[in-house]
Structure formats: C-alpha cells, structure tokens
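Visitor: Give me a model of this one.
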Amino acid sequence: MRTVKWRLLRGIAAAILGCALAVAVAACGRSQAQVALPKKPAHAQLATSAPAPPSTRQLVVAAYENYWQATNQAIDSRSPATATSILTSVVPKGSVSILVKGMQSLWQRNEMAFGAPVFHISSVKLTGPGAAAVHDCIDLSHTGFQNRKTGQVIGGLGQSHDYVITTLSLEHGRWLVTGAIPVVESCSY
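Guide: Model (predicted):
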C-alpha cells in the first residue's frame, strides 16, 4: 500500500511541478529585461551602395525616346540656333542642318508640334560595334502638327500601329538616332 501512496504522491508532485514550470515560463514572457545597449558612435552612417549603371539596352531606349521629345522641343523653339543646340544631343552633327531646314518650313507655315508618340518597343538589337536598332510598334495617331494661332491640328505623323525600326550609333559616348525605317508589316501591342 505504501508503494501505491508513493506513486500517487509522485504523480501529484510531478503535476504540481509541471504547472509551476508552465506558470514560470508564461511569466517570463511578460517581463522585460533591462539591458543596456551599446552607444552608437557619433559618426555612424548607413552603408550606401552606388546604383548599378544602366544597361546598353536602357541607354539605347532612353536615347530613342529622348529623340522624339527633343524633336518636338526643337520645332516649338521656332529658332534655328535653339533647334540646332537641342538636336545636337540626339542626332549626328551631319543630320542637324537637314532637320532644321525642314523645321523652317513648318515655322513659315506657323505650325508647331502636337502630341507625343506612345512607344511599344518590341526589341532592341545591337547590330554591330556601336550600332543598335530599336523595333517599335509606335502609336503616332495623336502626334502631328497644329497651327500656332488657331490650334487647329494640321496633320498627323502616322497611325496607331506603325512598325518602325530606328537605327542608332554610339558617338563620343552617346547614342544618337541615325535613321528610321518604316516597315510594311503589321504590328500589335
């Protein structure tokens, strides 16, 4: 009988001990230890890393898109000197005078740029050392010319799905637009 009582007491003691441990563990989670953290040095700074340089593809696309914006700015300048200055950053030097001459006829008719293209670039291909081609299913449906005085739209540059291949060359560290070839082929985006 003593062994039965002994086992019963051991079981009760084990249960009490188990409950006491559970209460102790639960209580540990509620109190916060007071720990002194080390002081930051006054000159501490977050480590910074330089952003990755843009890829060749990104540079070509940026040059292509900048060409369209610069052309509109050059047209709207109504000044051969200003247009020349703007265009030298997006086309080779030999092309600038031809473009400015074309703009002068727009200026004589009192026309300015209207709208901007919407790009749907399907691919960018490096075609040789320092040469690239941008394949774009460009939307030119809301791009053209308008009369400066009346605001009337004179004419558009194209349709909503014009497939154009634009060539660029790398000159003095900058990608410049050297030509655009309309492709007689349907495109979609």
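
Visitor: how about the helices in the chain?
Guide: 2-30, 56-77, 80-87, 93-108 (DSSP state H).

Visitor: Where does pLDDT dip in this protein?
Guide: Scanning the chain for pLDDT under 70 picks out 1-33, 35, 37-38, 40-42, 44-47.

Visitor: Geometric centre of it: which residue is closest?
Guide: The centre of the chain sits closest to Q58, judged by C-alpha atoms, centre = their mean, with a distance of 8.4 Å.

Visitor: Please tell me how far that one sits from P129.
Guide: 19 Å (C-beta to C-beta, to the nearest Å). C-betas here are computed from N, CA, C, even on glycine.

Visitor: can you check T150 too?
Guide: 49 Å.

Visitor: same thing with G173?
Guide: Separation of G173 from P129 (C-beta to C-beta) stands at 14 Å.

Visitor: which ones are touching the nearest residue to L59 once chain neighbours are set aside?
Guide: Spatial nearest neighbour of L59, excluding adjacent residues (C-beta to C-beta, 6 or more residues apart in numbering): W175 at 5.7 Å. For W175, the contact set (C-beta atoms under 8 Å, 6 or more residues apart in numbering) comprises 59-60, 62-64, 132, 168-169.

Visitor: can you pull up the bridge partners for W175?
Guide: W175 has these beta-bridge partners by DSSP bridges: L170.

Visitor: how about the nearest residue to E65, chain neighbours excluded?
Guide: Take E65 and drop its neighbours on the chain: the residue closest to it by C-beta to C-beta, 6+ apart is F119, 6.3 Å away.

Visitor: still on that earlier bit, now the residue nearest to L59: how far from T56?
Guide: To T56, W175 is 9 Å away according to C-beta to C-beta.

Visitor: what's the overlap in contacts for those two?
Guide: Common neighbours of W175 and T56 (C-beta under 8 Å, 6+ apart) are A132.

Visitor: tell me the two of the contacts of W175 that are most distant?
Guide: Spatially, the most separated pair among the contacts of W175 is A62 and S169, at 15.0 Å (C-beta to C-beta).

Visitor: quick one: which of those two has more around it?
Guide: Neighbours were counted for A62 and for S169 using other C-beta atoms under 10 Å; S169 has more, 18 against 12.

Visitor: I'd like the distance between T84 and F114.
Guide: Separation of T84 from F114 (C-beta to C-beta): 22 Å.

Visitor: Look at these two and report which has more neighbours.
Guide: Between T84 and F114, counted using other C-beta under 10 Å, the more crowded position is F114 (21 against 17).
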